[in-house]
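S.K.: Got a sequence here, can you build the structure:
(chains A and B)
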Amino acid sequence: MKHLLALGDLDRDELSDLVSLVATFEEISQRSIPKVPALRGRTVAMLFYENSTRTRLSFETAAKRLSADTMNFSVGASSVSKGESLRDTVHTIDALGADAIVVRHASAGVPKQLTRWTDVSIINAGDGWHAHPTQALLDIYSMQSRLGELEGRRVGIVGDIKHSRVARSNVAALSTLGAEVVLVAPPTLLPPAVERWPVTISHDLDAVIDSFDVVYLLRMQSERQQANVVPSLREYRHDYGLTAQRAERLRDEVLVMHPGPMNRGVEIDDGPASAANDLITAQVTNGVAARMAVLFMMLGSGSEMVAEVAVS
Amino acid sequence: MAERERRMTPPFGGVFVSTNQVMDQEQVDRAIRRMAHEIIERNNGTESLVVIGLQTGGVPLANSVVAALEQLEKTKVPVGSLDVALHRDDIGLRPVMPEAVTNIPLDLDNTIVVLVDDVLFTGRTIRAALDALTSFGRPKVVQLAVMIDRGHRELPIRPDFVGKNLPTRRNEVVDVNSEGVDIGFMEKYT
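M.R.: Model (predicted):
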């Protein structure tokens, strides 16, 4: 695998291999010295055109735990503010000897475009509303480590699906792995052509909440309220928030997940948020392992490194 | 030869074809019991001993060695497993297998670590293992037990406990399996 642009590009076997590789790296993260020399001498450049805390830090931690060097690039402090084009910036990074570029950009398709301009491995860390493959990978891993195989499991994704690359990537990955995905949102927050997605759609959270193995809440961005897609955040909470009353109707062993940062009192109430905090923190921890797996796949090995399991 | 090399990956790649069985399972079991005696003798018992099997071929042997140690000394001996794939100098040539887990149940500070592997050949796996061990603490001593020492070392590494010294040609392959030890060659997939 040369680039990672979207999890939808992977077939089921490739995705399962990648998910199981995450476990290897999770073990490394738990060592007293969590560092292996696997990517010694490799350089990973972080090209973030959009703000990010956890994705960026976690990619950086992942690279360092694999002994790779990192190059950081923030738009404000670089020649981009002098008007350098994306293409020239990428050529510069290429010339400095990067082996991989981790890119986040507000426009969908930027990572794909970069693959046409350079031979360096491109890893998508979020492009517009399109995809956020490493987030979905860590979500899948978090689910699998608690639930086992996801085949036939019912996952509800609740909230602003339309503007969410996390939701798109999760839908792609979950349906590849055979899970059943239910999108729960008001019609204004569903993307166009959603009827062609491999999902069921509901506008009534109360009707479906007790059927889920996983409830995945998306962040309700307050900017959206100004765009008049929901009447008010209070009303959103009333209809789609995970309130204490709704939390009681969840199955006992349900997983409540959130990509962070949480808006307590909007998509999730304080009580359920604290109850789910374990897993939501684990999501962040697993994020490092997931990104280590991705970097290792891109730079350490090529996908042939994860050989098929021989029957003996 | 471990599971890892059974796969279609360079520098091996292919199917193992046995030409000769050099040890049967009974001989392997006797060798394990003798090595257990030697380990106890060398270390004056099993106090602060930790046995670590190298993934994948060393893990079942480590378990057998620990079973023998516990039977002789009537005490528990901690056992772990170590996957050195990410520490190798030929990384990229061998697969990293998710099912080859590293599990070291305790801090290795001031312990006596006995590394166990099936076949000692170039010594590169052991070099990688020594490197990997440093992430888990500072053992007092590290010793090496192998079922087969087949020679052809490329690094200054020697075993402390050996099941059998087996002179080989470089291009031969030694396979430790559940029925004993075989010598043979790899037949390429066509």
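
S.K.: where's the residue sitting nearest the centre point of chain B relative to residue B:66, distance?
M.R.: The C-alpha lying nearest the average C-alpha coordinate of chain B belongs to residue B:117 (Cα atoms, centre = their mean; 0.4 Å). The gap separating residue B:117 from residue B:66 is 15 Å, by Cβ to Cβ, to the nearest Å. No exception for glycine: its C-beta is placed from N, CA and C like everyone else's.

S.K.: now do residue A:132
M.R.: Taking Cβ to Cβ, one finds residue A:132 at 45 Å from residue B:66.

S.K.: Okay, strands next: where are they in chain B?
M.R.: All strands of chain B, identified by DSSP state E, fall at B:15-24, B:49-54, B:79-82, B:112-120, B:141-149, B:161-165, B:173-177, B:180-187.

S.K.: Export those strands as a markdown table, with columns for mean pLDDT.
M.R.: Converted to a markdown table, the strands of chain B look like this (pLDDT from 0 to 100):
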| stretch | mean pLDDT |
| --- | --- |
| strand B:15-24 | 89 |
| strand B:49-54 | 96 |
| strand B:79-82 | 95 |
| strand B:112-120 | 96 |
| strand B:141-149 | 96 |
| strand B:161-165 | 96 |
| strand B:173-177 | 90 |
| strand B:180-187 | 87 |
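
S.K.: Which one of the ones you listed lies nearest to chain A?
M.R.: strand B:173-177 (8.6 Å; Cβ to the nearest Cβ).

S.K.: Direction included, what does that closest one pair up with?
M.R.: Note on strand B:173-177: by DSSP bridges, its sheet partners are strand B:180-187 (antiparallel).

S.K.: How about the contacts made by the nearest residue to residue B:142 once chain neighbours are set aside?
M.R.: Setting aside the residues directly before and after it, residue B:142 is nearest to residue B:113 in space (Cβ to Cβ, 6 or more residues apart in numbering or on different chains), at 4.7 Å. Shown in contact with residue B:113 (Cβ atoms under 8 Å, 6 or more residues apart in numbering or on different chains): B:50, B:51, B:52, B:133, B:139, B:141, B:142, B:143.

S.K.: Chain neighbours aside, what residue packs nearest to residue B:19?
M.R.: residue B:184 (4.6 Å).

S.K.: number of nearby residues for the one you found?
M.R.: By other Cβ atoms under 10 Å in any protein chain shown, the residues close to residue B:184 number 17.

S.K.: so what's the closest residue to residue B:106 other than its chain neighbours up against?
M.R.: Spatial nearest neighbour of residue B:106, excluding adjacent residues (Cβ to Cβ, 6+ apart): residue B:78 at 5.9 Å. Residue B:78 is in contact with B:49, B:50, B:51, B:105, B:106, counting by Cβ under 8 Å, 6+ apart.

S.K.: what do you get for residue A:270?
M.R.: By Cβ under 8 Å, 6+ apart, residue A:270 lies in contact with residue A:264.

S.K.: how far away is it from residue A:276?
M.R.: For residue A:270 relative to residue A:276 (Cβ to Cβ), the value is 11 Å.

S.K.: Residue A:266 too?
M.R.: Counting by Cβ to Cβ, the gap from residue A:266 to residue A:276 is 15 Å.

S.K.: The residue in the stretch 51-200 of chain A positioned nearest to chain B: how many residues sit nearby?
M.R.: Per Cβ to the nearest Cβ, residue A:66 is where the stretch 51-200 of chain A lies closest to chain B, at 7.9 Å. The local packing of residue A:66 (other Cβ under 10 Å) involves 25 other residues.

S.K.: Tell me if I'm right that it and residue A:297 touch.
M.R.: No. Counting by Cβ atoms under 8 Å, residue A:297 is not a contact partner of residue A:66; they are 11.2 Å apart.

S.K.: can you give me the strands for the stretch 201-312 of chain A?
M.R.: A:214-217, A:255-257 (DSSP state E, counting those that start in this stretch).

S.K.: Deepest in the core, which of these is it.
M.R.: Neighbour counts (mean count of other Cβ atoms under 10 Å in any protein chain shown) averaged over each of these peak at strand A:214-217, with a mean of 26.

S.K.: Any stretches of the chain with poor pLDDT?
M.R.: Going with chain A. Low-confidence segments of chain A, defined by pLDDT under 70: A:223-226, A:301-312.

S.K.: ah, no, chain B please
M.R.: B:1-14, B:91-95, B:189-190.

S.K.: quick one, helices of it?
M.R.: B:3-6, B:25-43, B:58-73, B:124-133 (DSSP state H).

S.K.: Columns distance to chain A on top of those, output as a markdown table?
M.R.: Converted to a markdown table, those look like this (distance: least, Cβ to the nearest Cβ, whole Å):
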| stretch | distance to chain A |
| --- | --- |
| helix B:3-6 | 5 |
| helix B:25-43 | 16 |
| helix B:58-73 | 13 |
| helix B:124-133 | 7 |
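
S.K.: rewinding a little: now the strands of the stretch 201-312 of chain A in JSON lines, please, with extra columns for distance to chain B.
M.R.: Shown next, in JSON lines, are the strands of the stretch 201-312 of chain A (distance: least, Cβ to the nearest Cβ, whole Å):
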{"stretch": "strand A:214-217", "distance to chain B": "22"}
{"stretch": "strand A:255-257", "distance to chain B": "22"}
